[in-house]
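Enquirer: Sequence below, structure please.
(one chain, ligands or ions: 1)
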Amino acid sequence: MVSVTDLQKEHPLFNERHEVPDRVSKGSHISSMAQYEKYYRESIENPESFWQQRANELLTWTKPFTKVFSGGFENGDVKWFEDGELNVSYNCLDRHAERTPDKVAIIWEGDSPNQVEHITYKQALEQTCRLANAMKELGVKRGESVCIYLPNCPTAAYAMLACARIGAPHSVVFAGFSADSLADRIRDSKSKLIITADQSTRGGKVIPLKQAVDDAVKKSDSVQHVLLLQNTGGKVHFEKGRDVWLHEAMEKQSTTCQPESMNAEDPLFYLYTSGSTGTPKGLVHTQGGYLLYAALTHLWVFDYRENDIYACVADVGWITGHSYIVYGPLCNGATTFMFEGLPTLPDAGRYWDMVQRHKITQFYTAPTAIRTLMKFDDTFVKRYDVTSLRVLGSVGEPINPESYNEVVGDKKCSIVDTYWQTESGGHLLTPLPGATPQKAGSASFAFFGIVPEGNSVSGVLCISKPWPGITRTIFNDHERYMKTYLNVYKNKYFTGDGVWKDQDGYHWITGRVDDVINVSGHRIGTSEVEGALVTHNKCAEAACVGVPHDVKGQAIFAYVILKENVEETPELLAELKGAVRTHIGPFATPDFVVIAPGLPKTRSGKIMRRLLRKIAAGELDQLGDTSTLADPHVLDLIIEKVKSLK
Ligand code: 6R9
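Expert: Purely as a prediction, here's the structure:
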């Protein structure tokens, strides 16, 4: 087990703190540790008054709530503002369009730096209303889910907000998922409508979204209509009666649409995520608590101020895009930047070119993108003027922020290493840019209302009090919700991550303690990849583990057992990788596929992944206890095989 001393060795900067730059602290929402501590205490000792005040300051309610909080972890019946009503799209659009109609709500950049759009609050509201009306005409009713499978473009934001406007929970599926994964999600959420595009282009490559939808619809029986965005203009199959061009459907609609008054606890969206076992889970987030949590964390963690240009370069298909491209920033009336291209195109200076051109003040990305860029030379940053930046945010994996801060921030920015999950709706552990002295590699302290508890024996991270943004259930499977999150440790929410707290109270995340692999910040369940591999008719069994990777954080290492009399060939290895691409999507493709002579199993037949992980990482001196193996000889054969490949 990792000890604090090991960690100290691993992080030579464990005890070194970087003070907050004055230019960031001055005028910030939370500008000292004393202020953080005061508010934090209040949020824990008196949560009702803390959240009541924020809910009234940040949100506009159609019916005010009288009750702040009820329920708990014991029965998994957490409720926030349960008798309040509001409309999320009203909060994100109308009230800003009334006050500042011409303020830019969304800046979008496509694959090429020449593709730039500025969309004002007034325009965003009108487009959202037209789309909401079009969805109603196609028969979508309050409470019925809509699947969104779109590139990272303004239409995706309109689609989410249009769903929110009419009270239809959306299920956004990342456009990098394959037709099979899309079909699984449609089947589970029973969506009647899918909003998609003909194609998208990324790095000049065409991605056939409509084709994937056509294939997915064949495997699911709920879909009645497909609303189709003409994006590239490429030729696609068009099924009369089912498919409808989005521009035609929107053109004839009114630019106003009455927002539904929704109960705070009604579902706002489902978002599917991988766990250690079974099929992806449709996590349910609510209208009131989720929106408040996304808005408050956006405001304070990025220290958002009125004239900032805030950028999060994630994709709306992930929770980061939901909370920190769309809901948090728009609820706060911010200008939010959306990026559909690649960080390395036309060259590795793309992000910093965008920062210079748009005068971006907060920049939020995943460490993997920073690591990729740091492989290139500094001049890709240095040739641009990035002095508009105040806050550099990071999410998805631990980051060593040295290079991010020194090269990009020139030590004049604060780094916020934000630790959180799809389940949490927003940040759980994070520095506050104007207040928290940085320790490189630590997500530092709890956000307001969050009570982290490291179990001192195993070092797992649990949270002991409900917060407004927590997922309320797994769609259609509350039992699984209880089992996965709330019944693991009594009366606590279990994150699935390991953690250590140092003598100064800083938290250090040590990674997943379950069979979830984190590739470039994307969560992938080992069981899903294994399931995809065994669909190949020559694969008998598979076991996947994560191995450390310089750029991606972790890479997938797959051990495959072939059926009898099947020979290993380079073509077969390529086909096995292809099976994962087809069943999940290209981002889940294993970096290594090794045909193994067997798998190390206990006498009760459980695969000992711990051993497979050590072998994959080349840590043969750390195999530890192997006495429970049914056939210890298998281990030598696997080691021999892996060695022969290196
Ligand atoms: C927002 C998001 C969640 C998992 C989480 C943890 C890892 C996220 C991290 C981090 C270390 C950070 N993770 N942020 N690990 N430091 N700052 O990424 O959601 O896709 O659900 O992944 O990502 O393992 O449990 P999601």
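Enquirer: Please, where are all the helices along the stretch 351-500 of the chain?
Expert: 367-374, 379-382, 402-403, 478-481 (DSSP state H, counting those that start in this stretch).
Enquirer: Rounded mean pLDDT for the shortest one, please.
Expert: Translated: helix 402-403. For helix 402-403, mean pLDDT is 68.
Enquirer: The residue of the stretch 351-500 of the chain at minimum distance from the ligand: what's it in contact with?
Expert: Closest to the ligand within the stretch 351-500 of the chain is Thr422: 3.4 Å, counting by C-beta to the nearest ligand atom. Every residue, glycine included, has its C-beta placed from N, CA and C. Under the criterion of C-beta atoms under 8 Å, 6 or more residues apart in numbering, the neighbours of Thr422 are 271, 273, 283, 318-319, 471, 523.
Enquirer: Same check on Pro47?
Expert: Pro47 neighbours (C-beta under 8 Å, 6+ apart): 68-69, 449, 465.
Enquirer: Compute the distance between it and Pro468, please.
Expert: Pro47 sits at a distance of 10 Å from Pro468 (criterion: C-beta to C-beta, to the nearest Å).
Enquirer: Same question for Lys606.
Expert: From Lys606 to Pro468 the distance is 39 Å (C-beta to C-beta).
Enquirer: And these two? Which one has more around it.
Expert: Counted by other C-beta atoms under 10 Å, Lys606 and Pro468 do not tie: Pro468 has more neighbours, with 26 against 11.
Enquirer: quick one: the strands in the stretch 501-646 of the chain?
Expert: 507-512, 516-519, 522-525, 539-549, 553-562, 592-595 (DSSP state E, counting those that start in this stretch).
Enquirer: Name the strands paired with the last one and say parallel or antiparallel.
Expert: Read it as strand 592-595. strand 553-562 (parallel) (DSSP bridges).
Enquirer: any idea how far the strand it pairs with is from the chain center?
Expert: 23 Å (C-alpha atoms, centre = their mean, to the nearest Å).
Enquirer: right, is that strand up against the ligand?
Expert: No. Shown here: strand 553-562 not in contact with the ligand (C-beta under 6 Å from any ligand atom), separated by at least 8.8 Å.
Enquirer: List the buried residues of that strand.
Expert: 553-562 (16 or more other C-beta atoms under 10 Å).
Enquirer: Just give me the closest of those to the ligand.
Expert: Gly553 (8.8 Å).
Enquirer: For beta bridges, what are the partners of the closest one?
Expert: Bridge pairing for Gly553 - DSSP bridges - gives Val519, His549.
Enquirer: show me the contacts for it.
Expert: With contacts defined as C-beta under 8 Å, 6+ apart, Gly553 is in contact with 367-368, 371, 396-397, 518-521.
Enquirer: Give me the subset of the residues you listed that also touch the ligand.
Expert: Applying C-beta under 6 Å from any ligand atom to those, one finds that 396-397, 518, 521 fall near the ligand.
Enquirer: In JSON lines: those residues, plus distance to Tyr506, pLDDT and neighbour count.
Expert: As requested, the ones next to the ligand among the contacts of Gly553 are exported to JSON lines (distance: C-beta to C-beta, whole Å; pLDDT from 0 to 100; neighbours: other C-beta atoms under 10 Å):
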{"residue": "Gly396", "distance to Tyr506": "19", "pLDDT": "89", "neighbour count": "23"}
{"residue": "Glu397", "distance to Tyr506": "17", "pLDDT": "83", "neighbour count": "20"}
{"residue": "Asn518", "distance to Tyr506": "21", "pLDDT": "90", "neighbour count": "19"}
{"residue": "Gly521", "distance to Tyr506": "22", "pLDDT": "83", "neighbour count": "20"}
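Enquirer: now the helices for the stretch 201-350 of the chain?
Expert: Using DSSP H, counting those that start in this stretch, helices in the stretch 201-350 of the chain cover 209-218, 246-251, 288-301, 319-321, 328-331, 350-358.
Enquirer: For Thr232, find the nearest of the ones you listed.
Expert: Taking C-beta to C-beta, helix 209-218 is the member of these nearest to Thr232, at 9.6 Å.
Enquirer: Could you list the residues in contact with that closest one?
Expert: 149-151, 175, 178-180, 182-183, 186, 194, 196-200, 223, 226, 228, 236-237, 239, 242.
Enquirer: Would you mark the buried spots in stretch 490-499?
Expert: Quick answer for stretch 490-499 (16+ other C-beta under 10 Å): 492-499.
Enquirer: now, which of the residues you listed lie close to the ligand?
Expert: 495-497.
Enquirer: Against Lys490, how distant is the closest residue in space to Val395 that isn't next to it in sequence?
Expert: Nearest non-adjacent residue to Val395, counting by C-beta to C-beta, 6 or more residues apart in numbering: Thr418, 5.0 Å away. Going from Thr418 to Lys490 by C-beta to C-beta gives 28 Å.
Enquirer: do Ala105 as well
Expert: 45 Å.
Enquirer: Asp94 too?
Expert: From Asp94 to Lys490 the distance is 44 Å (C-beta to C-beta).
Enquirer: that older thread, which of the contacts of helix 209-218 fall in strands?
Expert: Judged by DSSP state E, these include 149, 194, 196-197, 200, 226, 228 as members of strands.
Enquirer: For the buried residues of stretch 490-499, give me a markdown table that also has pLDDT.
Expert: As requested, the buried residues of stretch 490-499 are exported to a markdown table (pLDDT from 0 to 100):
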| residue | pLDDT |
| --- | --- |
| Lys492 | 95 |
| Tyr493 | 97 |
| Phe494 | 96 |
| Thr495 | 95 |
| Gly496 | 93 |
| Asp497 | 92 |
| Gly498 | 90 |
| Val499 | 89 |
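Enquirer: so of those residues, which ones are in strands?
Expert: Among the buried residues of stretch 490-499, DSSP E puts 493-499 in strands.
Enquirer: which of the residues you listed are the two that sit furthest away from each other?
Expert: Tyr493 and Gly498 (15.2 Å).
Enquirer: ok, how many other residues are close to Leu533?
Expert: Residues within reach of Leu533, counting by other C-beta under 10 Å, total 25.
Enquirer: My guess is it contacts Leu576. True?
Expert: Yes. Using C-beta atoms under 8 Å, Leu533 is in contact with Leu576, at 5.8 Å.
Enquirer: which residues do these two both contact?
Expert: Common neighbours of Leu533 and Leu576 (C-beta under 8 Å, 6+ apart) are 539, 558, 560.
Enquirer: how about those residues in CSV, adding pLDDT?
Expert: Listed next are the shared contacts of Leu533 and Leu576 as CSV, based on pLDDT from 0 to 100:
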residue, pLDDT
Cys539, 93
Ala558, 97
Val560, 96
